[in-house]
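> I would like to see how this sequence folds:
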Amino acid sequence: MLPEQFITAYELALASQQWKNVEPLMHANACVTFSTGTVHKGIEAIKQAYEKNFSHIKNERYSVTNVHWVTQNNETAVYLFNFHWQGIINGEQAAGSGKGTAVIIFEDEKWKLIAEHLGA
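So this is what the prediction gives:
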């Protein structure tokens, strides 16, 4: 898998709203900051946060656009992006968007997210 393919795999995994599909793309020591400002450190904290979102936001669609690669090599890649999500919360249509930064590393023959920061 190339770093560019990681982004597509991550979008598809999130769209499944199943942690079992997201987990293989996450590094055990990952740190994720949501656009709300909440920080989730380590795979267990991230799992809890993602599963909460999956149960709270029904039929969520998440997309990444305007990817800008800051750096790429055989071990590390950093990219900036725009994100957009939409879904149903408490029976009402909801949506949000913002900008993000992600760091992925190549480990165990695959790319894994080690840091992601989402902002407004």
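> how about the most centrally placed residue in the chain, phi and psi?
Nearest to the mean C-alpha position of the chain, by Cα atoms, centre = their mean, lies Y10 at 6.3 Å. With angles defined as degrees, to the nearest 10, Y10 sits at phi -70, psi -40.
> how about it, what does it touch?
Y10 makes contact with V22, L25, V64, L113, according to Cβ atoms under 8 Å, 6 or more residues apart in numbering. Every C-beta, even on glycine, is put in place using the N, C-alpha and C of the backbone.
> and the strands in this protein, which stretches?
Under the criterion DSSP state E, the chain contains strands at 26-33, 39-41, 58-72, 76-89, 92-107, 110-119.
> the second one pairs with which strands, parallel or anti?
Meaning strand 39-41. Applying DSSP bridges, strand 39-41 is found paired with strand 26-33 (antiparallel).
> in CSV, list the contacts of Y10 along with neighbour count and pLDDT.
Formatted as CSV, those follow (neighbours: other Cβ atoms under 10 Å; pLDDT from 0 to 100):
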residue, neighbour count, pLDDT
V22, 21, 97
L25, 19, 97
V64, 17, 94
L113, 19, 98
